[in-house]
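J.: can't give you the sequence, but here's the structure:
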DNA sequence: AGCACGCCGACT
DNA sequence: GTCGGCGTGCTC
């Protein structure tokens, strides 16, 4: 036999397996089979079989040849992963200090897609055959089939307006026969000139600039900074059209699944077809279809969540990251990566343009634009010509409401006027529940979470006290657990439920609606209510941060922010930035379509740079203040870096890596290497911008510092975890 | 004794 | 990431 011949050396290949091991494993290639780098294979690993990809066909001499196993299957109908994608996987693994196999796992997320496409079962008329007994339903089916073509069972039932059992009956009586239809045809291609909109001069300029980026042989990054309603989407569409014109695929990354739906619709209006959709909640069938289509090139445009960045595009030529400042682009579990940053990397490796867009860019992107690393396109006006909302602060120390009320008189007046004029108002308060703190007026007892030190938030609708940190909840007791006093508990401070109470008190005739993620009815009800608001079926809406993005509210005239300072006081070094982004987003919704919007911010510190920048509309002032503030706080000035936490048994490797990073970093990147205990302290003091993912269970010091953190956050797990939060721009 | 659970190393 | 081995501690 061929492979017994000692003269013929067996071919071996290194294969990346989807497990957390540092590198590729070596396998023997079965005789008669051939693989190339990128070929997807199935290999035995321990007691199971896993999907992996050939990473290298160089023999690795270090492994005992007797230990080598055979590749058990070669997926030769699936195109091998191309060089750029393999480099990208390695790059991300290297950046996140993760195992390359774990990154590859994100690419191979649809095992079904590797099987050759199965033909679809269908039915066809047997020529000349007539049913013994004809019924109305049967005749409708036969009439529908007049053209002689084969149909799918459910498609035919639907078209003829009968149930599938009628078809089964006809099959049984040999009037129809079962046939196999060729698999679904590729999806229709977007039509470049289907409905091109007239663009404003600013939009045209941005489009022209982006089109030029396609000629940059090295790839480039652009930042579109456009106010809410400035028509960023129309600009993306023209960039996408350019990519398609150049026979390249395009990818649009959105931070949240809930935003995809309206994006899909708008894409359809522009290009006449729906783009492919990719996120964790699509069905297995669609997932398979999109994965295959992207790899074959049949799918030209994908709209997706961060995981879409790892799809095996055949000829990707553009990535657009919408709402680039959004923290949802960061993945915290498994491989911790920032999809926005890794999109920049993927574009760099494959030399195509990447577009970051936001009405409130992150500080690091703004700095990159200021330094000329990114092209900057500004869209300062609304595309509809509507004015930006007029914003004003209500200083609660001067014109606050009476005790026990939360809406300042001026805001109440504005609500009254807006309601009288038939406009819609939104009261924004980023605090779920009725009241953030409950205490006993007799003994001062405060309700605290048993698992962490956070206050318990009263939820009056649900009659519960809930910890918003870890999810713990208990029933609202009828007497104080400390002094046994009856009816002594008082709610302190407002939550959306309490604001709603005040609103129905003040405006009993108005249609009010609370939008908060924790209300009974779940996501479906929320979706319905969003729609009601969209259609103008509510006069006063009280909402938490989920009203900040997504749906467009055309009738919205007034936005009142209840506690504009909320979030500014926290230790989070990004607090100012996050607050600015959130408030700019939510107030930007007022008068978005028809203009004439008003925003009122209730605040206790009207001089805060965030509030001042919001009121003046001078974004540049905000960014300047923020960069200065970080500098004087000893934080890395450009919002890019921060710290590398090293913990776990394999410290040597991570420390070596961290030192190399520190050495390679330019002078403006204060890379700091912290041991676990220092890291814990630094985090408690809010000195560094990093997140803790997990840590080795044996790090006692760290655990005692962070008991609270651990009680609420991710479970400790063994092994090495390192979080690097550094802009990769310098390392490209 | 029997097994549930957590820890840990191995996986080519 | 997943499996299997092993020790600990608790229950039918």
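T.: Arrived safely. All values reported here derive from a predicted model rather than from experimental measurement. Residues are numbered from 1 along each chain as shown, chains lettered A, B, ... in the order given.
J.: where's residue A:170, which helix or strand?
T.: In this structure, residue A:170 sits in helix A:164-172 according to DSSP states H and E.
J.: quick check: buried residues in that helix?
T.: Using 16 or more other C-beta atoms under 10 Å as the test for burial, helix A:164-172 gives A:166-167, A:169-170. Heads up, the C-betas are built off the backbone N, CA and C, glycines and all.
J.: kindly report the same for stretch A:416-429.
T.: For stretch A:416-429, by 16+ other C-beta under 10 Å, it's A:418-419, A:423-429.
J.: quick one: which of those sit in strands?
T.: Of the buried residues of stretch A:416-429, the ones assigned to strands by DSSP state E are A:424-428.
J.: now, which of these sits nearest DNA strand C?
T.: residue A:428 (36.4 Å; C-beta to the nearest atom of the strand).
J.: mind checking how far that closest one is from residue A:387?
T.: Separation of residue A:428 from residue A:387 (C-beta to C-beta, to the nearest Å): 20 Å.
J.: for the closest residue to DNA strand B within the stretch 101-250 of chain A, give me its contacts.
T.: Per C-beta to the nearest atom of the strand, residue A:101 is where the stretch 101-250 of chain A lies closest to DNA strand B, at 9.7 Å. For residue A:101, the contact set (C-beta atoms under 8 Å, 6 or more residues apart in numbering) comprises A:16-21, A:24, A:52.
J.: quick revisit: okay, the ones in strands among the buried residues of stretch A:416-429 in JSON lines with distance to residue A:610 and pLDDT next?
T.: Below are those laid out as JSON lines (distance: C-beta to C-beta, whole Å; pLDDT from 0 to 100):
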{"residue": "A:424", "distance to residue A:610": "26", "pLDDT": "97"}
{"residue": "A:425", "distance to residue A:610": "23", "pLDDT": "98"}
{"residue": "A:426", "distance to residue A:610": "20", "pLDDT": "97"}
{"residue": "A:427", "distance to residue A:610": "20", "pLDDT": "98"}
{"residue": "A:428", "distance to residue A:610": "15", "pLDDT": "98"}
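J.: among these, give me the pair with the biggest separation.
T.: The most widely separated members of those, counting by C-beta to C-beta, are A:424 and A:428 (13.0 Å).
J.: now for the two: what residues contact both?
T.: What both residue A:424 and residue A:428 touch, as defined by C-beta under 8 Å, 6+ apart, is an empty set.
J.: not counting sequence-adjacent ones, nearest residue to whatever residue of the stretch 201-350 of chain A ends up closest to DNA strand B?
T.: Closest to DNA strand B within the stretch 201-350 of chain A is residue A:334: 14.8 Å, counting by C-beta to the nearest atom of the strand. Nearest non-adjacent residue to residue A:334, counting by C-beta to C-beta, 6 or more residues apart in numbering: residue A:102, 6.4 Å away.
J.: try residue A:538
T.: Counting by C-beta to C-beta, 6+ apart, the residue nearest residue A:538 is residue A:513, at 4.2 Å.
J.: ok but the one you found is inside a strand, no?
T.: Yes - counting by DSSP: H, G, I helix; E, B strand; the rest coil, residue A:513 is part of a strand.
J.: what's the first-to-last distance across stretch A:400-413?
T.: 13 Å (C-alpha to C-alpha, to the nearest Å).
J.: now do that stretch: distance to the chain's middle.
T.: 37 Å (C-alpha atoms, centre = their mean, to the nearest Å).
J.: stretch A:311-330 now?
T.: With C-alpha atoms, centre = their mean as the basis, the mean position of stretch A:311-330 lies at 10 Å from the chain mean.
J.: rewinding a little: need the next SSE after the helix or strand hosting the residue of the stretch 101-250 of chain A closest to DNA strand B, C-terminal direction.
T.: In the assignment (DSSP H and E), residue A:101 maps to helix A:100-107. Where DSSP H and E defines the elements, the next helix or strand beyond helix A:100-107 is strand A:120-125.
J.: ok, and what's touching stretch A:530-548?
T.: Taking C-beta under 8 Å, 6+ apart as the rule, stretch A:530-548 contacts A:415, A:419, A:424-432, A:496, A:499-500, A:503, A:507, A:510-517, A:526, A:529, A:550-555, A:582, A:585-586, A:589.
J.: now a PyMOL select for only the buried ones of those residues.
T.: This is the PyMOL syntax for the buried subset of the contacts of stretch A:530-548, where burial follows 16+ other C-beta under 10 Å:
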select buried, chain A and resi 415+419+424+425+426+427+428+429+430+431+432+496+499+500+503+507+510+512+513+514+515+516+526+529+551+553+555+582+585+586+589
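J.: tally of neighbours for the closest residue to DNA strand C within the stretch 151-300 of chain A?
T.: Nearest residue of the stretch 151-300 of chain A to DNA strand C (C-beta to the nearest atom of the strand) works out as residue A:280 at 14.3 Å. Residues near residue A:280, counting by other C-beta atoms under 10 Å, number 11.
J.: what do you get for the one 5 residues further on?
T.: A total of 10 residues lie near residue A:285 under the criterion other C-beta under 10 Å.
J.: pull the residues that contact the helix or strand hosting it.
T.: Using DSSP H and E, residue A:285 sits within helix A:284-296. For helix A:284-296, contacts defined as C-beta under 8 Å, 6+ apart pick out A:78-79, A:109-110, A:112-113, A:117, A:184, A:186-187, A:249, A:276-278, A:282, A:298-299, A:302, A:311-314.
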